[in-house]
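**Student:** What would the 3D arrangement of this be:
(2 chains)
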Amino acid sequence: MRNLEIYIHTPFCVKKCAYCDFLSFPSDDNTQARYAHSLIQEIKYYGSLMKDYKVSTIYIGGGTPTWLDENLMVAIMNQIHENFNVDSEAEVSIECNPGTVTESKLRKYLGCGINRLSIGLQSADNDELKLLGRIHTYEQFLKNYELARNVGFSNINVDIICGLPYQTVTKFMNTLQKIVRIKPEHLSVYSLIIEKGTPFYETYKFDAVRQEAGMPTEILPNEDEVYKMYKVTQMLLKDAGYLQYEISNYAKNGYECKHNIGYWKRENYLGLGLGAASLIENVRYTNTRELYKYMEGCNKLHDVGENIFISNIHDEANEIARKAQMEEFMFLGLRMNEGVSRGDFERCFGMPIEAVYRDQIEGLKREELLQIREGRVYLTDKGMDLSNYAMAKFLM
Amino acid sequence: MSIEQSKIRNFCIIAHIDHGKSTLADRIIEKTGTLTSREMQAQVLDNMELERERGITIKSQAVRIIYTAKNGEEYIFNLIDTPGHVDFNYEVSRSLAACDGAILVVDAAQGVEAQTLANVYLALDHDLDVFPVINKVDLPSARPDEVAQEIEDVIGIEALDAPRISAKTGLNIEEVLEQIVSKIPAPTGDAKAPLKALIFDALYDSYKGVIVFCRIKEGTVKVGDNIRMMATKAESIVTEVGYFGAGQFIPCDELSAGMVGYIAASIKNVADTRVGDTVTIADRPCDEALPGYKKVNPMVYCGLYPADSSKYPDLREALEKLQINDASLQFEPETSLALGFGFRCGFLGLLHLEIIQERLEREFDLDLVTTAPGVIYKIHKTNGEVIDLTNPSNLPDPSEIDYMEEPFVSAEIMVTSDYVGAIMNLCQERRGIYISMEYLEETRALIKYDLPLNEIIYDFFDALKSRSRGYASFDYEMKGYVRSELVKLDILINREMVDALSFIVFKDSAYDRGRRMCERLKEEIPRHLFEIPIQAAVGGKIIARETVKAMRKDVLAKCYGGDISRKRKLLEKQKEGKKRMRQVGNVEIPQEAFMSVLKLDEE
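**Tutor:** A predicted model of the protein is given here:
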């Protein structure tokens, strides 16, 4: 049986954060109910098409999935289990926003098979949280966290962002130390990206350019400081017993997020919901990003293309060319500390990795950014620092 | 068909830019009934297709028109179009040499402009009879009577009876046609004398070889004649002669004294034909060549390199083809450590450079890297030898140099009185030597300065326009060489000298230029894995330094929801930047950086 990961997108948020450019927006109860209904239609439709796949992970992302009415969430999960062949050991994560969680919600989540919580904290400093436009305080997070532990969640991730406006290395270390003390199983530490179309972009766009150019900045930490934050994270979390297994992800042994690893390894994944992307047997599908088009489309789902997976709610469906598959294999695989496996490459493409990438590998080795050991090709610490530079080399 | 000389009129139209030269030409062609309006459009289209097919723009065109005058006689007009850009006298001058008279077009609103004057003087130099027409009288701001007076006062030619026309609407075009008959003299020359024909343009046709555009001064040429180019001594048999329809060649039996037409003689070697040369018949040559044109020498030099080094042969071929009808373009091969194989090219001025560059890129589909333009410096060596330095890299060792000279120009700037101060400041900043200022009218002044050529080749036009809000016009001619304190400024990137970035500069400006150059390059050169010092040096002494910091961090932490295509796009963008890079040592330099010297004064 073939392996499948499922991603479920819930695009609703109490309020949009100032830095966020994800597909998310506030909404009323009625819209949420209709959306959940549409999701269920999509689940049924694809469930019937994917009987020979075994689901190894499920990830409910957003938006703020925990803002959705708990009964709707339970209904969605039940439909997943009913329509898909879900492995009994499957990792099932839900993203959660402090301030939207209650005990009854958490219990219901556990009841419907959700076994991993990913809490978007972002910072342990209330001033920073306010600046980011978050709806919660650090104290609220702590309460939610304790609650989750008490209810019985034994696999919790906390999301942190570094490089915030006015943030110093010391301030960031404080956040990190506070989190380490409460011992989550997993930490994701991202650096802030000033994205076009966000309020942050309007406020900090010039500073962002200065930051990128390595010039002195006004409000954002400068490039050296962001670099220090990244290095501090690596050191501090290593000392606390976390393993960095990917550029921005750290976990206690055995708690690596399987769902994310699936992305880097190019496993099959089915994205359900507004704007979600799927990769099934090297064809990439993208759902429409228009809410009403999506909801109406789900009412009468049907296939429209040369393959049965292409449906009327897709905006795009592209078969990934062999060359692009190789490129993705490399630039996604190299995000992981363990890198890519030579054997896997040969199995996928029928030729040794050097037949395609000898010059790139040699060049990066000379620059001390890449190493080969025991059948694995992976980035060195220096290579991880310069991962974009290194990965771009693998585009042909 | 024999044509009576007295019924031929060879003329051109001269004007300041935008005063309506081309529109008038179109209208004359249309009004003479040679073409209907619709045909004309069709012809023009044909012509463009022709251009596309052959990959060559027919730059200087000539058209034969038949006009029945009010006196009932039929006349043959040869209208010779002068190239659009008149900054370069040479370009105009060779068209003028084929004419007997010229129509001067003056804009009824703008009046006499700097180039109006320059062109009239040029026409008078060629002994042409000039008559003015006042164009755009349909404009609300037209002031034809004042402008007529202005023409008489400023230029000194009779203008009160000048036709007041609108080339756009066709108003009073007949009057212009009548005046062509009455005011432009018929050509002279003996059709039975030995052939003496002036080449005023040429183009390359892949079927017919070089096609020579000429004005027959004496004698007759026909198919089968063995012609000789007097300067290059090349000989060949005429395969076709003819005249110019609108945008097409019309073969005829022969061309005789006074006529304008073309000769094709299967000339395959483009170097055999020189615009300005005299064509004669090998067995019966004329005694001496026509004076040709005032020999012009390039004033501005720069290196042109193909962005893709495998295109070097294509670039050479393209330059050769352009040179056929642009003898002022000069080039010789050179190599640069940074840029590989290319050419050191000589131009009449910066506009000429830009036009050539544009034509190479557009018509020949070449991607070019241009180095900073420079002028020709005269190097007086201690051993008495004098060399013309066109490439800064060839500057001899300072110990061998006695002294150096740089070219100066006499510049005339016409400007409205409001901006006199600003323009004089600009000239002072550019090491100008004030000569004189006079008010042509109450509100317009003519300022004269002597300026070093190397101060005006970069961005002087732009500075002039911006400081006068577009009101200043500028003309210059070479004055001569003046002894000057000059130094070679070298740029070192990661401690390696980059030859293509060296330039010669006035000693006192070296520090400032060097500093700005380093600053500019710091912005242009992307960060590498190591620190890159950028240094400016004069004679081995570092005078300025900037550092491109090492890239330590380049991480994209985010990638979510399986949105791989977004991540791919970011990486592709990163990759794309690499394509237009040149490797110097272990530093990758974007091609734009080589042109960055041009932009030093933009701030």
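
**Student:** Give me the longest strand you can find in chain B.
**Tutor:** Ranked by residue count and defined by DSSP state E, the top strand of chain B is strand B:401-416.

**Student:** elements contacting that strand?
**Tutor:** strand B:377-381, helix B:420-429, strand B:444-452, helix B:453-456, strand B:473-484 (3 or more CB pairs under 8 Å, 6 or more residues apart in numbering or on different chains; DSSP states H and E). No exception for glycine: its C-beta is placed from N, CA and C like everyone else's.

**Student:** Count the neighbours of residue 337 for me.
**Tutor:** Using chain A here. 16 (other CB atoms under 10 Å in any protein chain shown).

**Student:** wrong one, I was asking about chain B
**Tutor:** 13.

**Student:** what do you get for A:G120?
**Tutor:** Residues near A:G120, counting by other CB under 10 Å, number 21.

**Student:** give the contact list for the closest residue in space to B:E485 that isn't next to it in sequence.
**Tutor:** Of all residues not flanking B:E485 in the chain, B:K507 sits nearest, at 4.1 Å (CB to CB, 6 or more residues apart in numbering or on different chains). Applying CB atoms under 8 Å, 6 or more residues apart in numbering or on different chains to B:K507 gives the contacts B:E485, B:L486, B:V487.

**Student:** Show me which of the residues you listed are buried.
**Tutor:** For the contacts of B:K507, a neighbour count by 16 or more other CB atoms under 10 Å in any protein chain shown gives the buried set as B:L486, B:V487.

**Student:** Out of the helices and strands packed on strand B:401-416, which one sits most buried?
**Tutor:** With neighbours defined as mean count of other CB atoms under 10 Å in any protein chain shown, the helices and strands packed on strand B:401-416 peak in mean count at helix B:453-456, which reaches a mean of 24.

**Student:** which neighbours does the longest strand of chain B have in its sheet, and in what orientation?
**Tutor:** Here strand B:401-416 is paired, per DSSP bridges, with strand B:377-381 (antiparallel), strand B:444-452 (antiparallel), strand B:473-484 (antiparallel).

**Student:** right, and these - which one's nearest A:R289?
**Tutor:** strand B:473-484 (54.9 Å; CB to CB).

**Student:** now the angle from that closest one to helix B:420-429?
**Tutor:** Interaxial angle of strand B:473-484 relative to helix B:420-429 (axes from the mean of the first three to the mean of the last three CA atoms, to 10 degrees): 30 degrees.

**Student:** For strand B:473-484, what is the distance to the chain centroid?
**Tutor:** Taking CA atoms, centre = their mean, to the nearest Å, one finds strand B:473-484 lying 18 Å from the centre of the chain it belongs to.

**Student:** buried sites along the longest strand of chain B?
**Tutor:** B:M404, B:E405, B:E406, B:P407, B:F408, B:V409, B:S410, B:A411, B:E412, B:I413, B:M414, B:V415.

**Student:** Please name the nearest non-neighbouring residue to B:E235.
**Tutor:** Computed as CB to CB, 6+ apart, the closest residue to B:E235 that is not its neighbour in sequence is B:R228, at 4.7 Å.

**Student:** can you tell me the helix or strand for A:G383?
**Tutor:** helix A:381-385 (DSSP states H and E).

**Student:** what's the answer for B:V137, then?
**Tutor:** Using DSSP H and E, B:V137 falls outside every helix and strand.

**Student:** average pLDDT across stretch A:9-29?
**Tutor:** For stretch A:9-29, mean pLDDT is 92.

**Student:** How about stretch B:254-263?
**Tutor:** For stretch B:254-263, mean pLDDT is 90.

**Student:** what about that stretch, start to end distance?
**Tutor:** When the termini of stretch B:254-263 are compared using CA to CA, to the nearest Å, they are 10 Å apart.

**Student:** do stretch A:91-107 as well
**Tutor:** End-to-end distance for stretch A:91-107, by CA to CA: 17 Å.

**Student:** how far is it from where the chain is centred?
**Tutor:** Per CA atoms, centre = their mean, the displacement of stretch A:91-107 from the mean C-alpha position of its chain is 17 Å.

**Student:** That stretch vs chain B: in contact?
**Tutor:** No: using CB under 8 Å from any CB of the partner chain, we find that stretch A:91-107 stays clear of chain B, coming within 10.1 Å at best.

**Student:** rewinding a little: can you list the helices and strands packed on strand B:401-416 in a markdown table and add distance to B:G189?
**Tutor:** Converted to a markdown table, these look like this (distance: least, CB to CB, whole Å):
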| stretch | distance to B:G189 |
| --- | --- |
| strand B:377-381 | 42 |
| helix B:420-429 | 47 |
| strand B:444-452 | 39 |
| helix B:453-456 | 40 |
| strand B:473-484 | 31 |
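
**Student:** Let me have the ones you listed in TSV, extended by mean pLDDT.
**Tutor:** TSV is the format used below for those (pLDDT from 0 to 100):
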stretch	mean pLDDT
strand B:377-381	94
helix B:420-429	92
strand B:444-452	90
helix B:453-456	86
strand B:473-484	83
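
**Student:** between the ones you listed, which one is nearest to B:I532?
**Tutor:** helix B:453-456 (28.6 Å).

**Student:** what's that closest one in contact with?
**Tutor:** Counting by CB under 8 Å, 6+ apart, B:299-300, B:374-375, B:406-409, B:411, B:430-432, B:476, B:478, B:504-506 sit against helix B:453-456.

**Student:** returning to what we had before: now do the phi/psi pair for the residue nearest to B:E485.
**Tutor:** Main-chain torsions, B:K507, degrees, to the nearest 10: phi -50, psi -50.

**Student:** In terms of pLDDT, where does it sit?
**Tutor:** The score at B:K507 is 92. That number is its pLDDT.

**Student:** Quick check: which element contains the residue of the stretch 51-200 of chain A found nearest chain B?
**Tutor:** As assessed by CB to the nearest CB, chain B sits closest to A:Y190 within the stretch 51-200 of chain A, at 4.2 Å. Assessed by DSSP H and E, A:Y190 sits inside strand A:186-191.

**Student:** State the next helix or strand along the chain beyond that strand.
**Tutor:** Criterion used, DSSP H and E; the element after strand A:186-191 is helix A:199-212.

**Student:** What is whatever helix or strand comes next after that following helix packed up against?
**Tutor:** For helix A:199-212, the following helix or strand on the C-terminal side (DSSP H and E) is helix A:223-239. Counting contacts by 3+ CB pairs under 8 Å, 6+ apart, helix A:223-239 is packed against strand A:156-162, helix A:169-182, strand A:186-191, helix A:199-212, strand A:243-246.

**Student:** Same list, the ones you listed, but as JSON lines with distance to A:G343, mean pLDDT and mean neighbour count please.
**Tutor:** Converted to JSON lines, these look like this (distance: least, CB to CB, whole Å; pLDDT from 0 to 100; neighbours: other CB atoms under 10 Å in any protein chain shown):
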{"stretch": "strand A:156-162", "distance to A:G343": "30", "mean pLDDT": "95", "mean neighbour count": "23"}
{"stretch": "helix A:169-182", "distance to A:G343": "36", "mean pLDDT": "96", "mean neighbour count": "17"}
{"stretch": "strand A:186-191", "distance to A:G343": "28", "mean pLDDT": "93", "mean neighbour count": "22"}
{"stretch": "helix A:199-212", "distance to A:G343": "38", "mean pLDDT": "88", "mean neighbour count": "17"}
{"stretch": "strand A:243-246", "distance to A:G343": "19", "mean pLDDT": "94", "mean neighbour count": "19"}
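
**Student:** who wins for proximity to B:L171 among these?
**Tutor:** Nearest of the helices and strands packed on helix A:223-239 (CB to CB): helix A:199-212, 54.9 Å.

**Student:** Show me what the closest one is packed against.
**Tutor:** helix A:223-239.

**Student:** One more pass at 10 Å, please.
**Tutor:** Helix A:199-212 sits against helix A:126-132, helix A:223-239, with contacts defined as 3 or more CB pairs under 10 Å, 6 or more residues apart in numbering or on different chains; DSSP states H and E.

**Student:** follow-up on the earlier one: hey, what's the residue of the stretch 51-200 of chain A closest to chain B bridged with?
**Tutor:** Counting by DSSP bridges, the residues bridging with A:Y190 are A:I161.
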